[in-house]
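Q: with the input below, show me the fold.
(2 chains)
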Protein chains: 2
Amino acid sequence: MKIIRSIAEMQQIALSAKRDSQSIGFVPTMGYLHEGHQQLLRAGREENHILVMSIFVNPLQFGPNEDFDRYPRDEEHDFEVAKQEQVDYVFIPSVEEMYPTPMSLTLTMQKRVDVLCGRSREGHFDGVVTVLTKLFHIVLPERAYFGLKDAQQFAVVDALVQDFNFPIELRPISTVRETSGLAKSSRNVYLSSEEKEEAQYIYKALQQGQALIQNGQKTKSLIINEVIQFIKTHTRGKIDYVDLLTYPTLREIEEVNQRVIIAVAVYFEKARLIDNLILEENGELTYSS
Amino acid sequence: MKIIRSIAEMQQIALSAKRDSQSIGFVPTMGYLHEGHQQLLRAGREENHILVMSIFVNPLQFGPNEDFDRYPRDEEHDFEVAKQEQVDYVFIPSVEEMYPTPMSLTLTMQKRVDVLCGRSREGHFDGVVTVLTKLFHIVLPERAYFGLKDAQQFAVVDALVQDFNFPIELRPISTVRETSGLAKSSRNVYLSSEEKEEAQYIYKALQQGQALIQNGQKTKSLIINEVIQFIKTHTRGKIDYVDLLTYPTLREIEEVNQRVIIAVAVYFEKARLIDNLILEENGELTYSS
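A: Numbering: from 1, shown residues only, chains lettered A, B, ... in the order given. Next comes the predicted model:
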């Protein structure tokens, strides 16, 4: 495994891999790897000759009151995980390497962002698409891997790739869950043991919503209410949002008449948890794990 | 020579060329080819295994009061010229192919645009960088060719490639001139024979400015005034602008202390002509033809 900190070096490696007809799989991360990342790396390892993982905590996607400086970092641990998952190249540039001068251009998301988590994080996804555009040009992957736990991020990257015709296949990877159904997250460590017990009902609430759709219920407000009531009944968490939107376009609808996402965010004492299900019109899972 | 109208087909050709280690040279155009384009094609032909030319009149770069609908088109003539210059692929997509749905993202130039021609064409260069980002991803060139007659466009594309780390080498191609020095342009046909006589003094005026710099003059205002006076003395054209800026950053300066551009735009009866010189601090041409 090779650790690369220079853009020019990474781009040269990618270009020369292309000349040798080697396919490149790419997993962009902000480091501090957990089991979710490992799933992405395993999928990338299986489908490509070369597997590249980037570690870059991108200042552009943090708001002024967000935790860029405090974002957890652990290079040594990340390198260990990467080695274990047979990553070929870890690309880990500095902020100065990625943004040597203020940019002359800005990339702005006009759709898919004023809902769900994007509503409270203005400019966040602009930062995401900006850094991904750069990383895609540096790493030149055939396939890029993203987790569906952050389904809005996947929808945003999907728009980026479509709008600008990137020659990249996006690979959505299903959310990894505990046996209880709780979506795995580095933030789960902040849950008390009672909260962790309760948190499994977030997924179960989503499944209640899914069951309604499978039984023919089409009305958004009724489905949403069921999910909200279920979470309120079984947890002490405070609901940030429960929403049902088209996917991946993330438009408002009143009736389920196409692929949709049911997404929730719930605050516990020291952690905000998110989860979602992406469903076909008949309620079947779009991406089965 | 093959004519391609589908994005998917063009991208497949490009990807398979890459797998065969074939370098791709790219000349993006809006068609209605003239001798300036031919210079670009010749340079591209010389340096690459495969030469791709695109023809696409991009609605995004025309303002609401500009001439998108009236922009001249002549496919048959363009194909003839392309054949003559040994183009391998002409990529000529429809507007619907390039913009099947309204875009979810916007790309905006924040620098290098509020001067020269950009000042009066709000949003023009946003449209240019948007379509070029798409075309670069579809054609996947190693090298892309742009004329220096539109030096601001070259500066804008330079910013695009730098900011987003495109793996593309930009090739600036010097302005082609008549024996008189007049820069070649499709608009020269709109000049009366007296105007054409006079128009050669635009280039001579730029050379006057250059001579001042070569002789040690550093003060922008004095150099500009010389150019303005020279044009006024020798032509009946109406000056739109004469400016001296850093190049390619296009920042205002008072003193010539780095690479600069002297750029002019002059209205004649039925044509607006532009021309420029890009000069080192000592007055020498940066790009010699």
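Q: CA only for contacts and neighbour counts going forward, please
A: Noted.
Q: which residues of chain A lie near chain B?
A: Within chain A, the residues that sit near chain B (C-alpha under 8 Å from any C-alpha of the partner chain) are A:11, A:18-21, A:103-112, A:130, A:133-134, A:137-138, A:159-160, A:163-167.
Q: now, which of these lie within helices?
A: Residues from those lying in helices, with DSSP state H as the criterion: A:11, A:18-19, A:130, A:133-134, A:137-138, A:159-160, A:163.
Q: quick one: the helices in the stretch 51-200 of chain A, in order.
A: Assigned by DSSP state H, counting those that start in this stretch, the helices in the stretch 51-200 of chain A fall at A:75-84, A:95-98, A:124-139, A:151-163, A:193-214.
Q: would CSV of these with mean pLDDT be doable?
A: Formatted as CSV, the helices of the stretch 51-200 of chain A follow (pLDDT from 0 to 100):
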stretch, mean pLDDT
helix A:75-84, 97
helix A:95-98, 97
helix A:124-139, 97
helix A:151-163, 97
helix A:193-214, 96
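Q: next, count neighbours for the residue of the stretch 151-289 of chain A found nearest chain B.
A: The minimum distance from the stretch 151-289 of chain A to chain B, using C-alpha to the nearest C-alpha, falls at A:F164 (4.7 Å). As a burial measure, A:F164 scores 23 neighbours (other C-alpha atoms under 10 Å in any protein chain shown).
Q: nearest spatial neighbour of it, chain-adjacent residues omitted?
A: B:K134 (4.7 Å; C-alpha to C-alpha, 6 or more residues apart in numbering or on different chains).
Q: who touches the one you found in this structure?
A: By C-alpha atoms under 8 Å, 6 or more residues apart in numbering or on different chains, the contact set of B:K134 is A:163-166.
Q: got a markdown table for the helices of the stretch 51-200 of chain A, with distance to A:K184 too?
A: Shown next, in a markdown table, are the helices of the stretch 51-200 of chain A (distance: least, C-alpha to C-alpha, whole Å):
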| stretch | distance to A:K184 |
| --- | --- |
| helix A:75-84 | 17 |
| helix A:95-98 | 29 |
| helix A:124-139 | 22 |
| helix A:151-163 | 14 |
| helix A:193-214 | 11 |
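Q: do you know which of the ones you listed lies nearest B:Y247?
A: For those, the distance to B:Y247 is smallest for helix A:95-98, at 22.8 Å, taking C-alpha to C-alpha.
Q: what residues sit buried inside the closest one?
A: Judged by neighbour count using 16 or more other C-alpha atoms under 10 Å in any protein chain shown, the buried positions of helix A:95-98 are A:M98.
Q: can you pull out the strands in the stretch 1-150 of chain A?
A: For the stretch 1-150 of chain A, strands defined by DSSP state E, counting those that start in this stretch occupy the ranges A:2-4, A:24-29, A:50-55, A:89-91, A:105-109, A:143-147.
Q: what residues does the fifth one touch?
A: The set of residues external to strand A:105-109 that reach it, using C-alpha under 8 Å, 6+ apart, is A:123, A:125-126, A:129-130, A:156, B:104-111, B:159-160, B:163.
Q: what subset of these is buried?
A: A:123, A:125-126, A:129-130, A:156, B:104-109, B:111, B:159-160, B:163.
Q: grab the two from the residues you listed that are most spread out in space.
A: Within those, A:V156 and B:K111 form the most distant pair, 25.6 Å apart (C-alpha to C-alpha).
Q: can you name the residues that contact A:K83?
A: By C-alpha under 8 Å, 6+ apart, the contact set of A:K83 is A:M1.
Q: low pLDDT regions in chain A?
A: Judged by pLDDT under 70, chain A has its weakly predicted residues at A:289.
Q: let's see 80
A: Scanning chain A for pLDDT under 80 picks out A:65-67, A:186, A:288-289.
Q: domain parsing for it?
A: Structural domains assigned to chain A are A:2-173, A:186-279, following automatic domain parsing.
Q: between those, which one is closest to B:R70.
A: Per C-alpha to C-alpha, nearest to B:R70 of these: domain A:2-173, 26.7 Å.
Q: figure out how far the closest one is from the centre of its chain.
A: Offset of domain A:2-173 from its chain centre (C-alpha atoms, centre = their mean, to the nearest Å): 10 Å.
Q: ends of that domain, what's the gap?
A: Taking C-alpha to C-alpha, to the nearest Å, the first and last residues of domain A:2-173 lie 25 Å apart.
Q: try stretch A:253-270
A: One end of stretch A:253-270 to the other measures 33 Å (C-alpha to C-alpha).
Q: so what touches that stretch?
A: Residues outside stretch A:253-270 that contact it (C-alpha under 8 Å, 6+ apart) are A:116, A:190-191, A:195, A:202, A:206, A:209, A:213, A:218-221, A:236-248, A:250, A:272-281, A:286.
Q: run a quick neighbour tally on A:T233.
A: That count, for A:T233 with other C-alpha under 10 Å as the rule, works out to 11.
Q: got it, and A:A199?
A: Counted by other C-alpha under 10 Å, the residues lying close to A:A199 total 25.
Q: cool, the one 3 residues further on as well?
A: When counting by other C-alpha under 10 Å, one arrives at 29 neighbours for A:I202.
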